[in-house]
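# predicted structure and sequence below. I'll ask about it afterward.
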Amino acid sequence: MPVPSERQRMLQGLLYNAESDAELVSERAHAAELCFELNHTRPSEAQARQKILLQLLGRHGRQLEILSDFHCDYGYNIEVGENFYMNYGGVILDCATVSFGDNVLVGPNCGFYTAAHPLDARRRGAGLELALPISVGDDVWLGGGVSVLPGVSIGSGTVVGAGSVVTHDLPAGVIAVGNPCRVLRRIDEEEL
């Protein structure tokens, strides 16, 4: 049985070394170039911005808007549904899949971090890391400065308060806030 490549190990959620694999280094460099191009495109050049985003992202719906500055590791592991909006300063470390449903609003300076490192200093010092996917459902609103950590799922219809650090899964249809982020209450369907 062939030994899996570092890229295969990354995508399988196993420990891998991102710096020792020429393919991963090249893919990150390509994504960095596209992010640089996006971040230096004028806001009035909507078609050029869309073209860059379509090259960068793995899957996308219609009505896609990501404001600059935006940064990601690979791009191809990012999947967004219909009517996606990400405000200024977004960061997606997409070593694993980061998927967003339809009608998702992401506030300014939000980060989605699939990359994790071993607690053991020896393995961490050897450059090993792993990646766990992040999933965001439909109709989710994340306030400014939210951080979503590796392996987290956020249910549809949920609102995450500004500055929250989401360390665990959140159910659908709740308001959640804090560090670590906790469910505050369910959302009443009649609320504005």
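It's in.
# make it CA atoms for all contacts and neighbour counts henceforth
Fine.
# how close does the most far-flung residue of the chain relative to its centre get to Asp138?
Farthest-out residue of the chain from its mean C-alpha position, per Cα atoms, centre = their mean: Met1, at 32.8 Å. Going from Met1 to Asp138 by Cα to Cα, to the nearest Å gives 40 Å.
# Ser164 now?
Ser164 is 19 Å from Asp138, where distance means Cα to Cα.
# same thing with Glu189?
Counting by Cα to Cα - Glu189 and Asp138 are separated by 15 Å.
# of the two, who's got more company?
Taking other Cα atoms under 10 Å, Glu189 and Asp138 do not tie; Asp138 has more neighbours (20 against 8).
# the more buried one and Val104 touch, don't they?
Yes. Here Asp138 reaches Val104: they are 6.3 Å apart, a contact under Cα atoms under 8 Å.
# identify the single longest helix in this protein, thanks.
For the chain, the helix with the greatest residue count under DSSP state H is helix 22-39.
# could you list the buried residues of it?
Leu24, Arg28, His30, Ala31, Ala32, Leu34, Cys35, Leu38, Asn39 (16 or more other Cα atoms under 10 Å).
# would TSV of those residues with distance to Ile78 be doable?
Shown next, in TSV, are the buried residues of helix 22-39 (distance: Cα to Cα, whole Å):
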residue	distance to Ile78
Leu24	16
Arg28	13
His30	15
Ala31	12
Ala32	14
Leu34	14
Cys35	13
Leu38	16
Asn39	18
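# okay, now the unreliable bits of the chain?
191-192 (pLDDT under 70).
# one more pass at 90, please.
1-4, 20, 43, 59-62, 188-192 (pLDDT under 90).
# excluding chain neighbours, what is closest to Leu14?
Leaving aside its chain neighbours, Leu14 sits nearest to Leu130 (5.6 Å; criterion: Cα to Cα, 6 or more residues apart in numbering).
# next, give phi and psi for that neighbour.
With angles defined as degrees, to the nearest 10, Leu130 sits at phi -140, psi 170.
# next, the contact list for it, please.
Contact analysis of Leu130 by Cα atoms under 8 Å, 6 or more residues apart in numbering lists Met10, Gly13, Leu14, Leu15, Tyr16, Ala115, Ala116, His117, Pro118.
# ok, Leu15 to Gly151 distance?
For Leu15, the distance to Gly151 - Cα to Cα - is 15 Å.
# equivalent analysis for Lys51, please.
30 Å.
# those two: which is more packed in?
Per other Cα under 10 Å, whichever of Lys51 and Gly151 has more neighbours is Gly151, with 21 against 11.
# now name the helix or strand holding that one.
For Gly151, there is no enclosing helix or strand under DSSP states H and E.
# now swap in Leu184 and tell me
Here Leu184 sits within strand 182-186, counting by DSSP H and E.
# alright, that wraps it up for me.
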